[in-house]
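Student: this one's sequence-less:
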């Protein structure tokens, strides 16, 4: 799911809350604190769908596919 919000004269902000998010323009990405977004279809959580764009992850945005207390590859 993609939510767009104008950020003044800056790039738009995209809030990533679900897998298969395709980014096609320069933007700022926000991932809500504590969010766990599983790549259930093995197609990626975030896909870059256009060339020559800049993507900035907002400070504090962490892309996690499992809870923080889960060991890797479990």
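Tutor: Arrived safely, thanks for sending. A quick note: this is a predicted structure, and the numbers were derived from the prediction, not measured.

Student: following element in sequence after the helix or strand bottoming out on mean pLDDT in the chain, please.
Tutor: The least trusted helix or strand in the chain, going by mean pLDDT, DSSP states H and E, turns out to be strand 2-5, with a mean of 46. With elements assigned by DSSP states H and E, the helix or strand that comes after strand 2-5 is strand 13-16.

Student: just checking, what packs against that next one?
Tutor: Here strand 13-16 touches strand 2-5, strand 27-30, going by 3 or more C-beta pairs under 8 Å, 6 or more residues apart in numbering; DSSP states H and E. C-betas here are computed from N, CA, C, even on glycine.

Student: just give the number of residues close to residue 45.
Tutor: Residue 45: 18 surrounding residues under other C-beta atoms under 10 Å.

Student: ditto for residue 37
Tutor: Neighbours of residue 37 under the rule other C-beta under 10 Å: 19.

Student: hmm, it is touching residue 65, no?
Tutor: Yes - counting by C-beta atoms under 8 Å, residue 37 does reach residue 65; the two are 6.6 Å apart.

Student: now the spatially most central residue of the chain: how far from residue 40?
Tutor: The residue lying closest to the centre of the chain (C-alpha atoms, centre = their mean) is residue 16, at 4.1 Å. Remark: distance between residue 16 and residue 40 (C-beta to C-beta, to the nearest Å) = 15 Å.

Student: same thing with residue 57?
Tutor: 22 Å.

Student: do the same with residue 10
Tutor: 32 Å.
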